[in-house]
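Engineer: Quick one: sequence and predicted model below, then my questions.
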Amino acid sequence: MTKISPTLAFVAVIFGFAAGVSAQNTPPPRLPAWEISGSIGVFMMDSDRITEEEHTAGTDRFTGDDWLAVAYGLGVGHYWTPHLKVDAGFAHRSLHDTIDFESGRPPGLSTAFKPILVVTGKTVDLTTVVAGATYQFRENAFFHPYVSAGVRMGWLREHRFRDQSDGTTPYPHTVMALDERTNQLLARPVVAGGAKWYLDQFVFLRPEAALALRPGRLLDMTFGVSVGRDF
């Protein structure tokens, strides 16, 4: 039977006691207070939803196609707790070229004649800022599902243009040239969901789907991915 030296036993006890004290005095891992990220994604909007905002009495207008664009942005977040975070972000969508079709009647034409179809070119540009809150599920894990809700303010810029044209069908008429720029400020509630996937202790990927809503129907949606860092 192997005997244990009293000296070795004493040394083992001392090292064990020191390890226990060290473990008790080691501070817990520091939770991140902030995060910053950059994102890229695909933005989709029903263009009829845009023109509906502009309709005036007696105007019948619709847009030729929907808006599909690249969206890119920056975001920052602050953790109040390991699960609750407040967010703010900026995003821009690539320019969209489309066509408006309008039913119109040239000035001076009798109301007995039916309106003619007027085609107008249009370029649309949208920049947004969003503020909201995020609830993050799970704790001390490399994969965190989450849900978010907030308000998005959008600055929608449009340029509508056409050359003057003359026609004889179904009656002689002239469509006047147009070069018009308008700006709109749109406020929308937005909800989002996704997952924060850590690549190491600080760096993460975050796939996300976001929906901007208005009463009764979907307005637009964005599917994207962010790369960011906690600090």
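Structural biologist: That came in fine, so what should we check first? Residues are numbered from 1 along each chain as shown.
Engineer: Burial check on residue 154, number of neighbours?
Structural biologist: Other residues within reach of residue 154 by the criterion other Cβ atoms under 10 Å amount to 19. Yep, even glycine has a C-beta here, placed from its N, CA and C like the rest.
Engineer: Can you tell me the SS state at it?
Structural biologist: Following DSSP: H, G, I helix; E, B strand; the rest coil, we place residue 154 in the strand state.
Engineer: Relative to residue 171, how far out is it?
Structural biologist: For residue 154, the distance to residue 171 (Cβ to Cβ, to the nearest Å) stands at 41 Å.
Engineer: cool, and residue 67?
Structural biologist: Taking Cβ to Cβ as the measure, residue 67 falls 35 Å from residue 171.
Engineer: Residue 43 now?
Structural biologist: Residue 43 is 42 Å from residue 171, where distance means Cβ to Cβ.
Engineer: And those two? Which one has more around it.
Structural biologist: Set side by side, residue 43 and residue 171 show more neighbours around residue 43, with 24 against 12, by other Cβ under 10 Å.
Engineer: Show me the strands in the chain, by range?
Structural biologist: Listed in chain order, the strands of the chain (DSSP state E) span residues 34-45, 60-63, 67-79, 84-93, 96-104, 116-136, 143-162, 165-167, 173-175, 178-198, 203-214, 217-230.
Engineer: could you dump those to TSV with mean pLDDT?
Structural biologist: Output for the strands of the chain, formatted as TSV (pLDDT from 0 to 100):
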stretch	mean pLDDT
strand 34-45	95
strand 60-63	66
strand 67-79	95
strand 84-93	96
strand 96-104	84
strand 116-136	93
strand 143-162	95
strand 165-167	84
strand 173-175	82
strand 178-198	94
strand 203-214	93
strand 217-230	88
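Engineer: Identify the residues contacting residue 104.
Structural biologist: Residues touching residue 104, when contacts are defined by Cβ atoms under 8 Å, 6 or more residues apart in numbering, comprise 115-116, 118, 175.
Engineer: Against residue 172, how distant is it?
Structural biologist: If you measure residue 104 against residue 172 using Cβ to Cβ, the figure is 15 Å.
Engineer: My guess is residue 41 contacts residue 71. True?
Structural biologist: Yes: counting by Cβ atoms under 8 Å, residue 41 sits close enough to residue 71 to count as a contact (4.9 Å).
Engineer: what touches both of those two?
Structural biologist: Contacts common to residue 41 and residue 71, judged by Cβ under 8 Å, 6+ apart, are 222, 224.
Engineer: would you put the C-alpha positions of stretch 204-211 in PDB?
Structural biologist: The C-alpha atoms that make up stretch 204-211 are tabulated as PDB, following Å, rounded to 0.1, in the frame of the first residue of the first chain:
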ATOM      1  CA  PHE A 204     -21.700  37.900 -34.000                       C
ATOM      2  CA  LEU A 205     -23.800  37.300 -37.100                       C
ATOM      3  CA  ARG A 206     -27.500  38.200 -36.900                       C
ATOM      4  CA  PRO A 207     -30.000  37.100 -39.600                       C
ATOM      5  CA  GLU A 208     -33.300  39.000 -39.300                       C
ATOM      6  CA  ALA A 209     -36.700  39.500 -40.900                       C
ATOM      7  CA  ALA A 210     -38.400  42.900 -40.300                       C
ATOM      8  CA  LEU A 211     -42.000  44.000 -41.200                       C
END
